[in-house]
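Student: Only the shape, not the letters, is given here:
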């Protein structure tokens, strides 16, 4: 059954206060835990260190916060603090969606709650971000309680989240499957990979997001060209400041700062468009999250291919080309 407090866990889970950069930049994406608030994305380049490996049997959830990048059967196997919100984040390959089958034994009368989010909840914001997602916020989050209750959810992209606050004796299990996404639009990236965003000729925005300091390189660009004669358009090269030029189709690069408040500040680093088949210059960005956003009017079949690499070392991060507004 649906619970009236549908936003309770979203408000509590993953609203971590992200530390400002220190001499050890790996700490820049760690959060401070408190009652009802979870250090959701600990150090280690932005992703929690707990990873599930594919096994022949069910995988126990033994920590309060884990990221899982494998399909499988998962079940809760630890007694947590009933006042603390915990959760499991699931991530699939970029061209797949996540399907969850959730079974819970959480009587509503006990105050326990389990929620499912289409995407991830990060720094009090949804990823993929609200303005780039096909579903309104009210349809991206479902909170549940009940006895022997089972429900199936399918995410819109390769990221989904199960968060929970459970009294003693509360239990749940989740079956995770990856299903093919024939037209992926929004992607959460683990880094060190090549990803292509396409609008497939539709009027929509597509994004790829990382939640760690990153180096970005645009490998190929075809945005805002080839409207009438796709085989006759000359190569324009990369055009900058497309949004300021009044063009409707462009690739925008933005970052979320290391928040010390509930909502992270957003920094816009610029936009590009045009037709360019050669790789551009790498740009390194030190932010809490990096967002590459393909904005499409529907008049063109747009595509952009990017390579995203984690900035692993302190020297790489100190030498970043761009910084979010982090009070440095």
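Tutor: Cool, the structure landed. Note that this is a predicted model, so its numbers are computed, not measured.

Student: Show me which parts of stretch 94-101 are buried, residue by residue.
Tutor: 94, 96, 97, 98, 99, 100 (16 or more other C-beta atoms under 10 Å). Bear in mind the C-beta positions are built from the backbone N, C-alpha and C, glycine included.

Student: I'd like to know how many residues surround the closest residue to the second one other than its chain neighbours.
Tutor: The spatially closest residue to residue 96, leaving aside those adjacent along the chain, is residue 178, at 4.3 Å (C-beta to C-beta, 6 or more residues apart in numbering). Neighbouring residues of residue 178 were enumerated by other C-beta atoms under 10 Å; the total is 18.

Student: Partner strands of the helix or strand residue 178 falls within, with direction?
Tutor: Element membership for residue 178 (DSSP states H and E) is strand 171-180. Partner strands and pairing direction for strand 171-180 (DSSP bridges) are strand 72-76 (antiparallel), strand 96-106 (antiparallel).

Student: how about JSON lines for these, with mean pLDDT and distance to residue 300 added?
Tutor: Below are the strands paired with strand 171-180 laid out as JSON lines (pLDDT from 0 to 100; distance: least, C-beta to C-beta, whole Å):
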{"stretch": "strand 72-76", "mean pLDDT": "92", "distance to residue 300": "40"}
{"stretch": "strand 96-106", "mean pLDDT": "94", "distance to residue 300": "25"}
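
Student: now these in JSON lines, with distance to residue 269?
Tutor: Formatted as JSON lines, the strands paired with strand 171-180 follow (distance: least, C-beta to C-beta, whole Å):
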{"stretch": "strand 72-76", "distance to residue 269": "38"}
{"stretch": "strand 96-106", "distance to residue 269": "29"}
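
Student: buried residues in the strand holding residue 178?
Tutor: Result for strand 171-180 [16+ other C-beta under 10 Å]: buried residues 172, 173, 174, 175, 176, 178.

Student: Pairing partners for the residue nearest to the first one when sequence neighbours are not counted in the sheet, please.
Tutor: With sequence-adjacent residues excluded and distances taken as C-beta to C-beta, 6+ apart, residue 172 is closest to residue 104, at 3.9 Å. Residues found in beta-bridge contact with residue 104 (criterion: DSSP bridges) are residue 149, residue 172.

Student: Tell me who's in contact with residue 104.
Tutor: 114, 144, 145, 146, 149, 150, 170, 171, 172, 173 (C-beta atoms under 8 Å, 6 or more residues apart in numbering).

Student: which of those residues tops the neighbour count?
Tutor: residue 114 (28 neighbours).

Student: separation between that residue and residue 89?
Tutor: Relative to residue 89, residue 114 is positioned 14 Å away (C-beta to C-beta, to the nearest Å).

Student: OK, contacts around the nearest residue to residue 160 once chain neighbours are set aside?
Tutor: Nearest non-adjacent residue to residue 160, counting by C-beta to C-beta, 6+ apart: residue 98, 4.3 Å away. Neighbouring residues of residue 98 by C-beta under 8 Å, 6+ apart: 90-92, 154-155, 157-160, 176-179.

Student: ok, and the closest non-adjacent residue to residue 73?
Tutor: That would be residue 58: by C-beta to C-beta, 6+ apart, it lies 4.1 Å from residue 73.

Student: Residue 134 too?
Tutor: Spatial nearest neighbour of residue 134, chain neighbours left out: residue 156 (5.8 Å); criterion: C-beta to C-beta, 6+ apart.

Student: Which secondary structure state does the one you found sit in?
Tutor: In three-state terms, and counting by DSSP: H, G, I helix; E, B strand; the rest coil, residue 156 is coil.

Student: tally of neighbours for it?
Tutor: 20.

Student: sec struct for residue 247, please.
Tutor: coil.

Student: if we can go back for a sec, need the contact list for the residue nearest to residue 96.
Tutor: So residue 178 contacts 71, 92, 93, 96, 97, 98, 99 (C-beta under 8 Å, 6+ apart).

Student: ok, of those residues, which one's closest to residue 314?
Tutor: The closest of the contacts of residue 178 to residue 314 turns out to be residue 93 (C-beta to C-beta; 29.8 Å).

Student: dump the residue contacts of the closest one.
Tutor: Applying C-beta under 8 Å, 6+ apart to residue 93 gives the contacts 158, 178.

Student: for it, helix, strand, or coil?
Tutor: Each residue gets one of three states, and residue 93 gets coil by three-state DSSP.

Student: Quick check: it vs residue 212, distance?
Tutor: The value you get for residue 93 to residue 212, if C-beta to C-beta is used, is 18 Å.

Student: if we can go back for a sec, the residue nearest to residue 134 and residue 235, how far apart?
Tutor: Residue 156 is 34 Å from residue 235, by C-beta to C-beta.

Student: Find the helix or strand that the residue nearest to residue 77 when sequence neighbours are not counted is a member of.
Tutor: Leaving aside its sequence neighbours, residue 77 sits nearest to residue 60 (C-beta to C-beta, 6+ apart; 3.5 Å). Residue 60 is located in strand 59-61, with elements delineated by DSSP H and E.
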